[in-house]
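Novice: after the sequence you'll find the predicted model.
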Amino acid sequence: MLKRLFLLLIILPTPVLAALEIEITEGIEGAAPIAIVPFGWQGMAAGAPLDIGAVVAADLSRSGRFKALPTRDMLTKPTDATKIRFRNWQALGQDNLLIGQIRETGAGQFVIQFQLFDVYKGEQLAGYSMPSSAKSLRHTAHRISDMVYEHLTGQKGAFSTRIAYVTVKRLGKGKSQYRLQVADADGFNPQTITTSAEPIMSPAWSPNGEKIAYVSFEAHRSAVYIQTVFSGKRERVSSAPGINGAPAWSPDGSKLSMTLSVGGSADIYILDLITGSLRQLTKGYSIETESAWSRDGRTIAYTSDRGGKPQIYQIPVQGGKARRLTYEGSYNARPVFSPDGKSLAMIHGQGGDYRIAVLDLDSGLLQVLTKGRLDESPSFAPNGSMILYAAKKGERGLLAAVSADGRVHQKLVMKGGEVRDPAWSPFK
């Protein structure tokens, strides 16, 4: 079992060569029907540079809470409010209607206007106009999705956030190429942050979404780095003898907890990023790893095998007595707090299967969300609606996502490659 726990620290990620393709494998029955009409175009070219309506439809459908009407089933395609005939959309069983226009204002510059309607009341629920460059059109589409989602659900949308993940490409003769990549939440626009001939793992976003901490073996030994996503500037913050692993940011971004073995056994340490001071938090002969900060920054949850098998414990950041949190199952590891701080996602092992589960911290109720044989590395969306995780299909690694209530399931597949170690960015 100790071997399994160490695998969480040093498991080798796998490669990404193109955008991730998202497949919704299980959705919510009774998802709200919504019609998203192709946006109108006013510009010099024959057509708009991006089908914004299609991006919004894909976003909302991916949430599992909406069912977008196929364009081919639309009786009309209005782009102006005066052209809407609500009876047409009522006849099609639609609850809401989204229309919009893209207007070119200069070279590579646009204004996007959209309106959201309640079909049965015949009322406008929202209407916005926003500028965008050609490069930012897809991001603008995701922002529209966020606003529509929030208006209709009351929950902030996370479509304009990003995900980080690690890939590996086998080059033959025992050599590999590892990449830390960042992409839009829908898998588009992948960008390589760093590349190495040695393993990269455990990416963790800073609270402001500007930096990523990760572990690299590029010097043939583990070290923790912090890298600025936009500029590529990076700093090595820990290269102690032995294990340097599992970095996690404090909520205010001023500290980094990590697993080090400078004292002989693997323990949780806290690095002050302002002063550079390092403080040992856990002490003992057991393996203490995979720390996660509570949302108020007062406690840290982590994995420990002090009881003989990996379970999750919680300890005050200032030190003190650790309290065990998990009792159900023989294996619970890799904790991560939900954005509201009310629950923990984790890897739950039972009977040889490792799945993603969520523990309600008030009631102690544990709910298993996934059905895979080797699901790991859970990461909450910043609005708490979905959990991104790594999974296996045969021998191939892929990413998957499940809603926090377990009703929506997705697969994020990379054609011609594998991908692991996901981390969902915070809101910016």
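Specialist: Received the coordinates, thanks.

Novice: shouldn't V148 be within a strand?
Specialist: No: applying DSSP: H, G, I helix; E, B strand; the rest coil, one finds V148 to be helix, outside a strand.

Novice: count the residues that sit near it.
Specialist: Neighbour count for V148, taken as other C-beta atoms under 10 Å: 25. C-beta coordinates here come from the backbone N, C-alpha and C atoms, glycine included.

Novice: can you report how many residues lie near the closest residue to it other than its chain neighbours?
Specialist: Of all residues not flanking V148 in the chain, L116 sits nearest, at 5.7 Å (C-beta to C-beta, 6 or more residues apart in numbering). By the measure other C-beta under 10 Å, the count of residues near L116 is 22.

Novice: per-residue pLDDT, L116?
Specialist: With respect to pLDDT, L116 scores 98.

Novice: quick one: it and N96, what's the gap?
Specialist: Relative to N96, L116 is positioned 6 Å away (criterion: C-beta to C-beta, to the nearest Å).

Novice: what do these two both touch?
Specialist: 125, 152 (C-beta atoms under 8 Å, 6 or more residues apart in numbering).

Novice: what about the helices in the stretch 101-250 of the chain?
Specialist: 137-153 (DSSP state H, counting those that start in this stretch).

Novice: so which residues of it form strands?
Specialist: Ranges of strands within the stretch 101-250 of the chain are 109-118, 123-133, 162-172, 175-184, 191-196, 200-205, 211-216, 223-228, 234-238, 244-249, based on DSSP state E, counting those that start in this stretch.

Novice: roughly how far does the residue nearest to G209 when sequence neighbours are not counted sit from V229?
Specialist: Spatial nearest neighbour of G209, chain neighbours left out: K428 (4.5 Å); criterion: C-beta to C-beta, 6+ apart. Computed as C-beta to C-beta, the K428 to V229 distance reads 11 Å.

Novice: what do you get for Y165?
Specialist: Y165 is 13 Å from V229, by C-beta to C-beta.

Novice: those two: which is more packed in?
Specialist: Neighbours per residue, other C-beta under 10 Å: of Y165 and V229, the larger number sits with Y165, 30 against 19.

Novice: okay but that one is in contact with V419, surely?
Specialist: Yes: counting by C-beta atoms under 8 Å, Y165 touches V419, with 5.1 Å between them.

Novice: tell me which other helices or strands the helix or strand Y354 falls within touches.
Specialist: Taking DSSP states H and E as the definition, Y354 sits inside strand 353-360. Of the remaining helices and strands, those touching strand 353-360 by 3 or more C-beta pairs under 8 Å, 6 or more residues apart in numbering; DSSP states H and E are strand 343-350, strand 366-368, strand 376-380, strand 386-393.

Novice: out of those strands, nearest to A246?
Specialist: Proximity to A246 (C-beta to C-beta) singles out strand 376-380 among these, at 11.0 Å.

Novice: between that closest one and strand 353-360, how many degrees?
Specialist: 30 degrees (axes from the mean of the first three to the mean of the last three C-alpha atoms, to 10 degrees).

Novice: next, the angle from strand 376-380 to strand 200-205.
Specialist: 10 degrees.

Novice: please name the strands paired to strand 376-380 in the sheet, noting orientation.
Specialist: strand 386-393 (antiparallel) (DSSP bridges).

Novice: what's the angle from the strand it pairs with to strand 343-350?
Specialist: Using the same axes, to 10 degrees: strand 386-393 against strand 343-350 is 20 degrees.

Novice: next SSE after strand 386-393?
Specialist: strand 396-403.

Novice: that following strand - contacts with which helices or strands?
Specialist: Short answer (3+ C-beta pairs under 8 Å, 6+ apart): strand 396-403 packs on strand 386-393, strand 409-413, strand 419-424.

Novice: would you map out the domains in this structure?
Specialist: 2-18+163-424, 28-153 (automatic domain parsing).

Novice: residue contacts, I243?
Specialist: I243 is in contact with 9, 222, 259-261, 266, counting by C-beta under 8 Å, 6+ apart.

Novice: again, only this time at 6 Å
Specialist: Counting by C-beta atoms under 6 Å, 6 or more residues apart in numbering, I243 touches 259, 261, 266.

Novice: the residue lying closest to the last one once chain neighbours are set aside - how many residues pack around it?
Specialist: Closest residue to A266 apart from its sequence neighbours, by C-beta to C-beta, 6+ apart: I287 at 4.7 Å. Neighbour count for I287, taken as other C-beta under 10 Å: 24.

Novice: please apply the same query to G174.
Specialist: With other C-beta under 10 Å as criterion, G174 counts 6.

Novice: and it, how far is that from A197?
Specialist: For G174, the distance to A197 - C-beta to C-beta - is 11 Å.

Novice: is the residue nearest to G372 when sequence neighbours are not counted bridged to anything, and to what?
Specialist: Computed as C-beta to C-beta, 6+ apart, the closest residue to G372 that is not its neighbour in sequence is A391, at 4.9 Å. Bridge pairing for A391 (DSSP bridges) gives the partners L398.

Novice: over to I270?
Specialist: For I270, the beta-bridge partners are S257, R279 (DSSP bridges).

Novice: now swap in G127 and tell me
Specialist: With DSSP bridges as the rule, G127 is bridged to Q115.

Novice: for I34, what are its contacts?
Specialist: Taking C-beta under 6 Å, 6+ apart as the criterion, I34 is in contact with 66, 68, 96.

Novice: any chance of CSV for those, columns neighbour count, distance to L180 and secondary structure?
Specialist: Below are the contacts of I34 laid out as CSV (neighbours: other C-beta atoms under 10 Å; distance: C-beta to C-beta, whole Å; DSSP: H, G, I helix; E, B strand; the rest coil):
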residue, neighbour count, distance to L180, secondary structure
F66, 25, 32, strand
A68, 22, 33, strand
N96, 21, 39, strand
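
Novice: would you list those residues in a markdown table and tack on distance to V317 and pLDDT?
Specialist: Output for these, formatted as a markdown table (distance: C-beta to C-beta, whole Å; pLDDT from 0 to 100):
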| residue | distance to V317 | pLDDT |
| --- | --- | --- |
| F66 | 40 | 95 |
| A68 | 45 | 97 |
| N96 | 45 | 98 |
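
Novice: and which of the residues you listed is nearest F380?
Specialist: F66 (20.6 Å).

Novice: that closest one contacts G30, correct?
Specialist: No: look at F66 against G30 with C-beta atoms under 6 Å: they stay out of range, at 10.9 Å.
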